[in-house]
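Asks: build me a model:
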Amino acid sequence: MTYEYFKRALYHNVLRQRVRADVCVRLFECHVMYTDEESVRMIKVVNLTTRGASDVVVLDDMLCLAWENGGLVSVKYWRVKRLYERYRRGGWIHVLPEIVEKMESGGNGEWRPKWRASYERCRRRQVLRPLNYYRNREELEDCIYWRFGDVALVLYDLVFETEEDCTTMKIYREMAEEWGVEDDILLNNALFNTRVRMPPRLFHGNDIRFQRSQNDGIFMPGDGEINVRIEEENEQEGMRGYRLTTTRWINGAIALFYPYVKEQLAWMMKGDYYVGFPSIHEAVVHPVRHKVLSEMKAAIQHTNIVFDEREMMTDRVYRYLSSRMELVEV
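Replies: Have a look, this model is predicted:
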């Protein structure tokens with residue numbers, strides 16, 4: 001992420017997590033002249049603190065929070081370049097929690113990262129995200145994940161969530177060591193959380209409507225009335241395949257790794273099937289009997305070349321062997 005992009009992402013992430021209406025959030029950019037009364041007041045406080053001068057010249061990109069108590073303005077500020085350095089070393093987990101804590105406490109008290117709380121307090125916010133292992137190998141060195149070929153299912157903390165969006169941060173091993181919980185337990189609990197927050201959904205390959213009800217695409221018993229039908233003898237339907245994702249369509253490829261999903265797909269398709277991943281947000285599934293392996297490989301490789309590499313899951317295609325209940329590369 002470039003510095004300029006980081007500045008914008010930082011500001012919007014902080015705004016999204018503001019829960020107190022009395023907290024003013026401002027991003028001041030270097031050498032920009034601000035004239036509105038609120039900004040001028042905040043800049044004067046920052047400059048008086050940092051340089052002993054009460055002018056309104058901004059010499060560094062600054063993220064500022066302000067509270068007014070009895071007519072006095074209290075300001076908390078961070079140099080954005082330093083936050084960017086922390087982000088590059090360790091991701092959002094080394095940036096956002098401190099700022100959010102200050103917003104919630106009104107700038108008072110000692111900051112204590114939320115991940116230092118007990119595991120029982122943190123566990124419900126933890127989820128798994130699918131990533132390409134090889135493209136993220138360096139930053140995954142100190143992370144917790146399951147690996148399947150070149151796919152990594154990585155442990156994250158859910159920092160912020162709305163119906164349309166969410167912000168997550170990797171959980172590093174140094175954080176998890178304080179909990180004293182084995183990796184498999186952490187990952188299994190996070191997989192359960194992810195399944196609850198984003199149930200799996202299945203759609204026909206030619207269904208490209210993105211505005212759907214939460215009740216569309218149900219194919220797993222227990223999620224509601226199953227409303228996905230597969231026509232076994234329909235050659236065109238089988239060639240187009242089926243799209244597996246979640247109710248959120250965010251990191252939807254994780255759905256394949258939910259408990260019993262692979263087995264349910266095999267039952268619905270009456271046997272083995274191929275699986276490919278056009279992105280981290282979905283998987284495509286084709287019954288083996290339709291013989292589309294070469295076309296799948298070509299289509300996925302083309303997609304990975306054309307689209308953002310950060311969205312890439314894997315170039316590989318897999319086959320689910322129903323007799324062995326196993327997913328293997330082909």
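
Asks: quick one: the helices in the stretch 201-330 of the chain?
Replies: Applying DSSP state H, counting those that start in this stretch to the stretch 201-330 of the chain gives helices spanning 235-240, 261-268, 293-306.

Asks: wait, what's in contact with the residue nearest to L256 when sequence neighbours are not counted?
Replies: Spatial nearest neighbour of L256, chain neighbours left out: A283 (5.1 Å); criterion: Cβ to Cβ, 6 or more residues apart in numbering. (Each C-beta comes from the backbone N, C-alpha and C, glycine too.) If you count contacts by Cβ atoms under 8 Å, 6 or more residues apart in numbering, A283 has them with 243-245, 252-253, 255-256, 275-277.

Asks: buried members of these into PyMOL, please.
Replies: To isolate the buried ones among the contacts of A283 in PyMOL, judged by 16 or more other Cβ atoms under 10 Å, type:
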select buried, resi 243+244+245+252+253+255+256+275+276+277
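
Asks: where does the chain have low pLDDT?
Replies: 19-20, 48-55, 68-73, 104-117, 159-167, 208-212 (pLDDT under 70).

Asks: in three-state terms, label E178 for me.
Replies: Secondary structure for E178, judged by DSSP: H, G, I helix; E, B strand; the rest coil, is coil.

Asks: what's the local residue count around it?
Replies: Here the count is done by other Cβ atoms under 10 Å, and E178 has 12 residues near it.

Asks: next: V285.
Replies: For V285, using other Cβ under 10 Å, the count is 23.

Asks: ok, and what's touching stretch 310-326?
Replies: 130-132, 135, 149-151, 253, 262-263, 265-266, 271-281, 288, 293, 296-297, 300-301, 304, 327-330.

Asks: ends of it, what's the gap?
Replies: End-to-end distance of stretch 310-326: 28 Å, with Cα to Cα, to the nearest Å as the criterion.

Asks: same check, this time on stretch 226-245
Replies: One end of stretch 226-245 sits 15 Å from the other (Cα to Cα).

Asks: identify each buried residue in whichever helix or strand V46 is part of, please.
Replies: Remark: V46 resides in helix 37-51, with elements defined by DSSP states H and E. By neighbour count on 16+ other Cβ under 10 Å, the buried set for helix 37-51 is 39, 42-47.

Asks: hmm, which two among the residues you listed are most spread apart?
Replies: Spanning the widest gap among these are S39 and N47, at 12.2 Å by Cβ to Cβ.

Asks: to E177, which of the helices of the stretch 201-330 of the chain lies closest?
Replies: helix 261-268 (31.6 Å).
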